[in-house]
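Enquirer: take this sequence and fold it.
(one chain, ligands or ions: 1)
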Amino acid sequence: MRLSKFFMPLLRDDPKEAEIVSHQLMLRSGMIRQASSGIYSWLPLGHKVLRKIEQIVREEQDKAGAIELLMPTIQSADLWRESGRYDVYGKEMLRISDRHDRDMLYGPTNEELITDIFRSAARSYRDVPRILYHIQWKFRDEIRPRFGVMRGREFLMKDSYSFDLTVEGARRSYNKMFVAYLRTFERMGLKSIPMAADTGPIGGDLSHEFIVLAETGESEVFCHRDLIEKTAPEDDIDMDGDLSPILSEWTSKYAATIEKHDKERFEAEVPKKSRISARGIEVGHIFYFGTKYSVPMNCTVQSADGQQVNLECGSYGIGISRLAAAIIEASHDENGIIWPEPVAPFKVGLINLKSGDKATDNACEDLYNRLQNASIEILYDDTDDRAGAKFAAMDLIGLPWQLIVGPRGLKDKLVELKDRRTGKRDSLSLDEAINRLVP
Ligand code: 5CA
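Expert: Got it, this is the predicted structure:
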């Protein structure tokens, strides 16, 4: 992509309304624009990041055996009356009536709708277990939308729903999502810690929040230091195998959000030097709630011995739009964002230090074409801005690599490759630079 043809409206000054660094940087780098309170447009740079995050989430869901579908944003109130949640949900639910005065709502979550779909299709024990998921916009009329997309009113969520015949089966589905979540967040360069959590309006008695530690996080959390050093299971993990040892390993050490915090247990179980008391961002939340919806909504299948059995269910959410902000909170410096490569909007930013100079333009065109042909995502700053402004903009938008080309280096047939994270610059020939960027 040539910057001269792209749409990336940078802001010069810090936006006053932004209280936390991710919100400031997302506005300044032209990733998002507020449309109304808690509702955002995703501009091209932000949209690219959102799609990358979404794709990692999707790959790990698929690997865990979950099956993707797509449900609508607008739902009928009738299903929510069946489950009993229509009245319970309160003002957070955006209620709408259509031209026939039918009560509709903008979905804040999808337990009812998926249970309706599943009950109409599943007949026998052969139709389970299944985990179904979608990636769709949600609306919650939060009292205090704040911190940009971190706590929005409209936000993008991945939500999965599991259907099992037995409690043990439901536990296996829960374990799959637990492991998939560890892997998902790690692939985005985040350290997430599963913590015992409250279930709120979703319900159930087994639940973990996946927390990324950050000073600006909204949740107060407590955990054992060892959990911060752990790494997620490797790519070759058998998701159909017994995952319970992994769960035990991750849940045997103390970790809880403030709602579930037990000070006495924390102090008894965790030696003083290992006690972490911090703030965190909830990027995912998983729930096992058994028959909470399958009983009132009559979602059953016939078991092998001919009985009608209510299904054992769970739901599993990831805040995809929130993750874009969480990654920035975890990865930035005073000059701007530092994207981990797997979610970067482009891998390389090519900086032409003297647009209009023939040798520099030719070298840039050559690099640009060769990298594009090698399927490397590249943003070429071909504008005639000053070098200083180009450097600042490139640092602000945080692409992992900057390829800097100017007349002085070219005299010796050299270009510079800068690592955005470390700031380290290497002088390389054009071929060497390409070899470093093409895997
Ligand atoms: N039905 C369940 C699981 S599918 C559910 O809705 N869970 S949730 O309420 O915990 O939301 C799932 C994830 O969505 C959260 O972990 C969080 O990362 C994200 N999320 C929730 N509310 C917001 C919000 N207002 N803005 C941005 N992200 C949000």
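Enquirer: when you work out contacts or count neighbours from here on, use the C-alpha atoms and nothing else.
Expert: Will do.
Enquirer: close to the ligand, is stretch 172-186?
Expert: No - applying CA under 6 Å from any ligand atom, one finds stretch 172-186 separated from the ligand by no less than 11.1 Å.
Enquirer: buried set for that stretch?
Expert: 172-185 (16 or more other CA atoms under 10 Å).
Enquirer: next: stretch 81-98.
Expert: In terms of neighbour count (16+ other CA under 10 Å), stretch 81-98 has its buried residues at S83, R85, Y86, M93, L94, R95, I96.
Enquirer: that stretch - what's its average pLDDT?
Expert: Averaging pLDDT along stretch 81-98 yields 96.
Enquirer: quick one: contacts of that stretch?
Expert: 77, 80, 103-108, 112, 139-143, 201, 293, 296-297 (CA atoms under 8 Å, 6 or more residues apart in numbering).
Enquirer: sitting in strands, which of the buried residues of stretch 81-98 do you find?
Expert: L94, R95, I96 (DSSP state E).
Enquirer: residue ranges of the helices in the protein, please?
Expert: 21-28, 44-63, 77-83, 85-88, 111-121, 167-187, 226-229, 244-251, 263-269, 320-330, 358-373, 387-397, 407-411, 430-437 (DSSP state H).
Enquirer: turn those into a markdown table, columns for distance to Y133.
Expert: As requested, the helices of the chain are exported to a markdown table (distance: least, CA to CA, whole Å):
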| stretch | distance to Y133 |
| --- | --- |
| helix 21-28 | 28 |
| helix 44-63 | 8 |
| helix 77-83 | 19 |
| helix 85-88 | 21 |
| helix 111-121 | 9 |
| helix 167-187 | 11 |
| helix 226-229 | 28 |
| helix 244-251 | 22 |
| helix 263-269 | 35 |
| helix 320-330 | 13 |
| helix 358-373 | 34 |
| helix 387-397 | 32 |
| helix 407-411 | 52 |
| helix 430-437 | 35 |
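Enquirer: and those helices: which comes nearest A278?
Expert: helix 226-229 (11.9 Å; CA to CA).
Enquirer: any chance you could list what contacts the closest one?
Expert: Here helix 226-229 makes contact (CA under 8 Å, 6+ apart) with K191, S192, I193, W250, K253, S274.
Enquirer: of those residues, which belong to strands?
Expert: Using DSSP E, the contacts of helix 226-229 in strands are S192, I193.
Enquirer: below-threshold pLDDT in the protein: ranges please.
Expert: The model of the chain has pLDDT under 70 over residues 201-205.
Enquirer: quick one: neighbours of M8, just the number.
Expert: 18 (other CA atoms under 10 Å).
Enquirer: roughly how far does it sit from R2?
Expert: Distance of M8 to R2, computed by CA to CA, to the nearest Å: 11 Å.
Enquirer: give me phi/psi at the residue lying closest to S331 once chain neighbours are set aside?
Expert: Nearest residue to S331, sequence neighbours excluded (CA to CA, 6 or more residues apart in numbering): I338, at 5.4 Å. Torsion angles at I338 (phi, psi; degrees, to the nearest 10) stand at phi -130, psi 100.
Enquirer: where's I338 relative to E60, distance?
Expert: I338 sits 24 Å away from E60, going by CA to CA.
Enquirer: now swap in H224 and tell me
Expert: With CA to CA as the criterion, H224 and E60 are 27 Å apart.
Enquirer: how many residues are close by the closest residue to K418 other than its chain neighbours?
Expert: Distances taken as CA to CA, 6+ apart place R425 nearest to K418, at 4.3 Å, with adjacent residues excluded. Look at R425: counted by other CA under 10 Å, it has 16 neighbours.
Enquirer: over to N369?
Expert: N369, neighbours per other CA under 10 Å, totals 14.
Enquirer: quick one, what contacts the closest residue to V221 other than its chain neighbours?
Expert: Excluding its sequence neighbours, the residue lying closest to V221 (CA to CA, 6+ apart) is T257, at 4.4 Å. Listed by CA under 8 Å, 6+ apart, the contact partners of T257 are M195, A196, A197, S219, E220, V221, F222.
Enquirer: quick one: name the residues of the stretch 101-250 of the chain near the ligand.
Expert: T109, V149, M150, R151, G152, R153, F155, M157, D159, S160.
Enquirer: give the buried residues for stretch 301-318.
Expert: So, applying 16+ other CA under 10 Å, buried residues of stretch 301-318: 301-302, 308-318.
Enquirer: what about those, which are in strands?
Expert: Among the buried residues of stretch 301-318, the ones falling in strands (DSSP E) are V301, Q302, Q308, V309, N310, E312, C313, G314, S315, Y316, G317, I318.
Enquirer: filter the contacts of stretch 81-98 down to the buried ones and express that as a PyMOL selection.
Expert: Buried residues within the contacts of stretch 81-98, by 16+ other CA under 10 Å, are selected in PyMOL with:
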select buried, resi 77+80+104+105+106+107+108+112+139+140+141+293+297
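Enquirer: would you mind writing the CA trace of stretch 111-129 as PDB?
Expert: Taking C-alpha atoms only, stretch 111-129 is exported to PDB below (Å, rounded to 0.1, in the frame of the first residue of the first chain):
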ATOM      1  CA  GLU A 111     -27.200 -18.000  24.600                       C
ATOM      2  CA  GLU A 112     -30.900 -17.900  23.800                       C
ATOM      3  CA  LEU A 113     -30.500 -17.700  20.000                       C
ATOM      4  CA  ILE A 114     -28.000 -20.500  19.800                       C
ATOM      5  CA  THR A 115     -30.000 -22.700  22.100                       C
ATOM      6  CA  ASP A 116     -33.000 -22.200  19.900                       C
ATOM      7  CA  ILE A 117     -31.000 -23.100  16.800                       C
ATOM      8  CA  PHE A 118     -29.600 -26.200  18.500                       C
ATOM      9  CA  ARG A 119     -32.800 -27.500  20.000                       C
ATOM     10  CA  SER A 120     -34.500 -27.400  16.600                       C
ATOM     11  CA  ALA A 121     -31.800 -29.500  15.000                       C
ATOM     12  CA  ALA A 122     -30.300 -31.800  17.600                       C
ATOM     13  CA  ARG A 123     -32.300 -35.100  18.100                       C
ATOM     14  CA  SER A 124     -30.100 -37.700  19.600                       C
ATOM     15  CA  TYR A 125     -26.900 -38.300  21.600                       C
ATOM     16  CA  ARG A 126     -25.200 -38.600  18.200                       C
ATOM     17  CA  ASP A 127     -25.700 -34.900  17.600                       C
ATOM     18  CA  VAL A 128     -23.500 -34.000  20.500                       C
ATOM     19  CA  PRO A 129     -21.000 -32.900  21.600                       C
END
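Enquirer: if anything else comes up later, I'll come back, but that's it for now.
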